[in-house]
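**Student:** take this sequence and fold it.
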Amino acid sequence: MMHNATAMTESLQSVAPRRLERNVPLAPLTTLGIGGPARLFVRAETVDEIREAVAWAASQHEPLFVLGGGSNLLIADEGFDGLVLQIDLRGITIRSESLEGVMVYVAAGERWDDFVSFAVMRGWAGIECLSGIPGLTGATPIQNVGAYGQDVSEAIVRVEAIERDTGRVVTFTNWECGFGYRQSIFKSSAKDRYIVAGVTFRLTPGGAAAIRYPELQTYLDEHEIDVSDLRGVRSAVIAIRKRKGMVLDPTDPDTRSDGSFFMNPVVTQSTLAEIVLRAGTKNVPHFPSGDQIKLSAAWLIEHAGFHKGFVHGNVGLSSKHTLAVINRGGGTACEVLELVAMIQRGVREKFGVEIEPEPNFIGF
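**Tutor:** Numbers count the residues shown, from 1 in each chain. Here you go, the predicted structure:
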């Protein structure tokens, strides 16, 4: 199998991809709406088209960037000086269904929220709290997408990925993906080695929603929504996200963002005690994370002096949520980097804590 894949790779190297385009604007392909063009661009609809593009880029010594839904990245103002490969593999396939669970294979190019809706409408529990998140399904295992107390890794059975060097399709079990908080091997030890082609999920027919987030629980209680009502829970999650400008809406400038730009820092109990002293209040939001403590990056940012609606040139913070860096119109990547550095420095000086950006930085 390895020999055949290698032979295929070698045969593709000299042939330019069929869908090759040049100088394609990338800003419109991102949720932040910032960034320069791709010098070379291919949109791949099949595994073979992905192999073809990857092999050709390698043979031409062109840098390669794999683009999904554009919802978690910052592209440099100069753009990307190489080949941008947009993944457009489609299809949702039910592999097996029983009372214990349903196994569903989802191609990487399927929009994530479309799949969540697909599952919820069928009464399949396991991903309902991840409603309203932009981007494609293939990106979800890479950073172990999570929201409102639920991580996508809880429902993932395996991930199929194309190995860039050989073109062969490799299957990873959940354990082999090395999932952690906003983390997987695809983002760390195996970064840039694989391209996700599809993900298999195990969901629970007739199951109840996993409600672990106080804000969501409060909303459900106030609106008398039962945890077994997955459609109601999905609606609640989307309503809360809209309140924070975290659902894409062309009429709302606060949604021209990457969603949560900073990850919640995870610290020790003793570090939390120091932060409480520095803050001068015991009301520092925190949540258990294994044997450590997860802090609220949004709270740290706000209490370091960066309020909702904070402005820096043509970018700023959402008027609804301090975690979201927004493009106010005509924003540049340079301005985003300046704002991010200001916020990181402010939180460090006030609380002695480092907060890290969640998006990928491309072309810098």
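**Student:** the lengthiest helix in the chain packs against which elements?
**Tutor:** Longest helix of the chain, by residue count under DSSP state H: helix 333-351. Under the contact criterion of 3 or more CB pairs under 8 Å, 6 or more residues apart in numbering; DSSP states H and E, helix 333-351 touches strand 73-75, helix 269-279, helix 297-303, strand 311-312, strand 315-317, strand 325-327. For every residue, glycine as well, the C-beta is placed using N, CA and C.
**Student:** and those, which is most packed in?
**Tutor:** strand 325-327 (a mean of 27; mean count of other CB atoms under 10 Å).
**Student:** returning to what we had before: who wins for proximity to Gly178 among the helices and strands packed on helix 333-351?
**Tutor:** When the helices and strands packed on helix 333-351 are compared by CB to CB, strand 73-75 sits nearest Gly178, at 21.5 Å.
**Student:** who's in contact with the closest one?
**Tutor:** 26-27, 30, 32, 34-36, 67, 258, 333, 336-337, 359-363 (CB atoms under 8 Å, 6 or more residues apart in numbering).
**Student:** how many residues are close by Gln60?
**Tutor:** Neighbour count for Gln60, taken as other CB atoms under 10 Å: 13.
**Student:** Asp114 too?
**Tutor:** If you count neighbours by other CB under 10 Å, Asp114 ends up with 13.
**Student:** just want the phi and psi numbers for it.
**Tutor:** Torsion angles at Asp114 (phi, psi; degrees, to the nearest 10) stand at phi -60, psi -40.
**Student:** who touches the helix or strand where Ile293 lies?
**Tutor:** For Ile293, the enclosing helix or strand under DSSP states H and E is strand 292-295. With contact meaning CB under 8 Å, 6+ apart, strand 292-295 is reached by 181, 264-269, 271-272, 275, 284-288, 353.
**Student:** can I get it in CSV? Just the C-alpha atoms.
**Tutor:** Extracted in CSV, the C-alpha atoms of strand 292-295 (Å, rounded to 0.1, in the frame of the first residue of the first chain):
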residue,chain,number,x,y,z
GLN,A,292,-5.7,22.2,38.0
ILE,A,293,-7.8,25.3,37.6
LYS,A,294,-9.2,26.9,34.4
LEU,A,295,-9.5,30.7,34.6
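**Student:** state the mean pLDDT of that strand.
**Tutor:** Here strand 292-295 scores 93 as its mean pLDDT.
**Student:** next one: stretch 207-217
**Tutor:** 92.
**Student:** what's the first-to-last distance across that stretch?
**Tutor:** Start-to-end span of stretch 207-217 (CA to CA, to the nearest Å) is 17 Å.
**Student:** show me what counts as buried in that stretch.
**Tutor:** 207, 209-211, 213, 216 (16 or more other CB atoms under 10 Å).
**Student:** quick one: the helices in this structure, in order.
**Tutor:** Going by DSSP H, the chain shows helices at 2-12, 47-59, 112-121, 214-222, 230-243, 269-279, 297-303, 333-351.
**Student:** out of these, which comes closest to Val315?
**Tutor:** Among the helices of the chain, if distance is taken as CB to CB, the winner is helix 333-351, at 4.6 Å.
**Student:** return the alpha-carbon coordinates of that closest one using PDB.
**Tutor:** In PDB, the C-alpha atoms belonging to helix 333-351 read as follows (Å, rounded to 0.1, in the frame of the first residue of the first chain):
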ATOM      1  CA  ALA A 333      -3.500  41.800  10.600                       C
ATOM      2  CA  CYS A 334      -0.800  44.300  11.900                       C
ATOM      3  CA  GLU A 335      -3.500  46.000  14.000                       C
ATOM      4  CA  VAL A 336      -4.700  42.700  15.300                       C
ATOM      5  CA  LEU A 337      -1.200  41.700  16.400                       C
ATOM      6  CA  GLU A 338      -0.700  45.100  18.100                       C
ATOM      7  CA  LEU A 339      -4.000  44.700  20.000                       C
ATOM      8  CA  VAL A 340      -3.200  41.100  21.000                       C
ATOM      9  CA  ALA A 341       0.200  42.100  22.300                       C
ATOM     10  CA  MET A 342      -1.300  45.000  24.300                       C
ATOM     11  CA  ILE A 343      -3.900  42.600  25.900                       C
ATOM     12  CA  GLN A 344      -1.300  40.000  26.700                       C
ATOM     13  CA  ARG A 345       1.000  42.500  28.300                       C
ATOM     14  CA  GLY A 346      -1.900  44.000  30.300                       C
ATOM     15  CA  VAL A 347      -3.100  40.700  31.700                       C
ATOM     16  CA  ARG A 348       0.600  39.700  32.500                       C
ATOM     17  CA  GLU A 349       1.200  42.900  34.400                       C
ATOM     18  CA  LYS A 350      -2.100  42.900  36.300                       C
ATOM     19  CA  PHE A 351      -2.300  39.200  37.200                       C
END
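**Student:** hmm, which two among the buried residues of stretch 207-217 are most spread apart?
**Tutor:** Between any two of the buried residues of stretch 207-217 (CB to CB), the greatest distance is 17.5 Å, for Gly207 and Tyr213.
**Student:** list the contacts of the residue lying closest to Gly309 once chain neighbours are set aside.
**Tutor:** Residue nearest to Gly309 in three dimensions, not counting chain neighbours: Ser319, with 4.0 Å by CB to CB, 6 or more residues apart in numbering. Counting by CB under 8 Å, 6+ apart, Ser319 touches 245, 254, 308-309.
**Student:** save the residues you listed as a markdown table, and put in distance to Trp299, neighbour count and pLDDT too.
**Tutor:** Shown next, in a markdown table, are the contacts of Ser319 (distance: CB to CB, whole Å; neighbours: other CB atoms under 10 Å; pLDDT from 0 to 100):
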| residue | distance to Trp299 | neighbour count | pLDDT |
| --- | --- | --- | --- |
| Gly245 | 17 | 23 | 78 |
| Asp254 | 19 | 21 | 80 |
| Lys308 | 12 | 18 | 95 |
| Gly309 | 16 | 14 | 95 |
